[in-house]
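Student: sequence and predicted model, in that order:
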Amino acid sequence: MRKHLNTIYVTTEDAWLRKDGANIVVEVEGKERGRAPLHLLEGIMCFGRIGASPALLAACAEAGIAFSYLSPIGRFLARVEGPRSGNVLLRRAQYRVADDNTRSVLIARYIVAAKVANQRTVIRRVLRDYGASSPEASQKALQAAEAWLTDTTRRIVKVTDMDSLRGIEGEAARVYFSVFNLFIRSEDPAFQFGGRSRRPPLDRVNALLSFLYALLGHDCRSALESVGLDPQVGFLHADRPGRTSLALDLMEEFRPVLADRLALNLINRAQVRAADFTCHEGGGITLHDDARKTVLTAWQERKKQEIRHPFLGETMTFGLVAHMQALLLSRYLRGELDAYPAFIWK
Amino acid sequence: MLVLITYDVNTEDAAGRRRLRRVARACLDYGQRVQHSVFECEVDPAQWAELRARLLDEADSAKDSLRFYQLGAKGRQRVEHVGAKPVLDLDGTLVF
């Protein structure tokens, strides 16, 4: 089985990345900060103004290391892409399904069902962990949301047209985020969640979520590319120039599990504090440099946790699950599986 | 798996110094330098075969000495570091 490899995050402004032999070297102001052999890496993410030598970019493209540029707040800017590789027959199969709405729904509904089921699990965990100690009104709200989402999961697997699927997904997101504030145990009023907002995120919780979603998107995209799927052609998300729709599709299953839970842990354990964020003039809120390191460390730790894959029954790290799902999706597209088994977290 | 590689390359002549550089370069491509002629390399079996072949190719078995210590998949746990020259944990979070 594929090994879970490491990702380098470069957050120091004006850092310079170069290749030395088969190593990547991180330099800041002409001084070497660190080096690592490329075979241990699967991704390089640069936040802000970071330079990289052409030789390094070429080596990454060849070795299949995902190289992404993001803005300091984690918004995706650019990536380095090597020559298209992988199986052209698989990609053709993917395009055929994507062009056919009724066949796309067969995949998309399991993705959405898994997402909603995972959202429900997040609520269940909150109820289990500290449901008894919260006020009765919030307990009731959580139970109602949990019941609605459970019910909806069953409803989704029978949906046959894309529009109603997207409608149900939106409704589920609204129900889930309407109780999101109750997941937050921090007494600090700075961590009030005022509904999902992005571009720019308008509160600290949203800023944290957006940042984690950007990290997740990067991982999903590289997982898809490494199994030879085209990350731009999605089933649930419509094609749009520059958008990695399939990566967004794949992400849906993991959002509640990997990003939302991690954001809640960081807030509830006070690993990030109100002062870790900057408020901008337009009302947008972003993470500070130091806090970004805390979040990245927590993210890497989360990816190293081991779980048992519900479909494959194998123990693996969380970081590998996206790769496994991409593999399962490609098997379904090739006709080796009867349905796409989306990732449902227990 | 983690492999510890140590070497003594005879540097009396120019050819020896060249061998030294090239042996060090091969080790560096696969791992990290922990002391002057000591490298820790995290490799899978295929990569280890490559690296080993490359090292045997570069070194002169009549003059140089190479030692490979196989520390296995849980090799990290068998290593304790004390003192100066801290090294990077390549399995840990790499934020620069």
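Tutor: All right, it came through fine. Remember, it's a predicted structure, so these values are computed and weren't measured experimentally.

Student: give me the distance from the helix or strand hosting residue A:170 to the chain's centre.
Tutor: Per DSSP states H and E, residue A:170 falls inside helix A:162-178. In this view, helix A:162-178 has its centroid 18 Å away from the chain centroid, taken as C-alpha atoms, centre = their mean, to the nearest Å.

Student: name the surrounding residues that touch that helix.
Tutor: The contact list for helix A:162-178 (C-beta atoms under 8 Å, 6 or more residues apart in numbering or on different chains) reads A:101, A:104-105, A:108-109, A:112, A:115-116, A:119, A:122-123, A:141, A:145, A:148-149, A:152, A:155-156, A:159, A:193, A:195-196, A:236, A:256. C-beta here means a position set from N, CA and C on the backbone, and glycine is covered the same way.

Student: list the buried residues for it?
Tutor: For helix A:162-178, burial by neighbour count (16 or more other C-beta atoms under 10 Å in any protein chain shown) applies to A:162, A:165, A:166, A:168, A:169, A:172, A:173, A:175, A:176, A:177.

Student: and the buried ones among the contacts of helix A:162-178, selectable in ChimeraX?
Tutor: Typed into ChimeraX, the line below selects the buried ones among the contacts of helix A:162-178, using 16+ other C-beta under 10 Å:
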select /A:104,105,108,109,112,115,116,119,122,123,141,145,148,149,152,156,159,193,196,236,256
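
Student: give me the subset of the contacts of helix A:162-178 touching chain B.
Tutor: Contacts with chain B are made by none of those, judged by C-beta under 8 Å from any C-beta of the partner chain.

Student: picking up where we left off before, run the chain-centre distance for the following helix or strand past the helix holding residue A:170.
Tutor: Using DSSP H and E, the helix or strand that directly follows helix A:162-178 along the chain is helix A:204-227. Chain-centre distance of helix A:204-227: 3 Å, with C-alpha atoms, centre = their mean.

Student: please name the nearest non-neighbouring residue to residue A:66.
Tutor: On the basis of C-beta to C-beta, 6 or more residues apart in numbering or on different chains, the spatially nearest residue to residue A:66 that is not a chain neighbour turns out to be residue A:222, at 3.5 Å.

Student: for residue A:323, same thing?
Tutor: In space, residue A:323 is closest to residue A:223, 4.3 Å off (C-beta to C-beta, 6+ apart).

Student: residues touching residue 34, list them.
Tutor: You didn't say which chain, so I picked chain A. Residues near residue A:34 by C-beta under 8 Å, 6+ apart: A:25, A:26, B:88, B:94, B:96.

Student: other chain: chain B
Tutor: Shown in contact with residue B:34 (C-beta under 8 Å, 6+ apart): B:40, B:81, B:85, B:87.

Student: one more time with 10 Å, if that's ok
Tutor: B:4, B:5, B:6, B:40, B:79, B:81, B:85, B:86, B:87, B:88 (C-beta atoms under 10 Å, 6 or more residues apart in numbering or on different chains).
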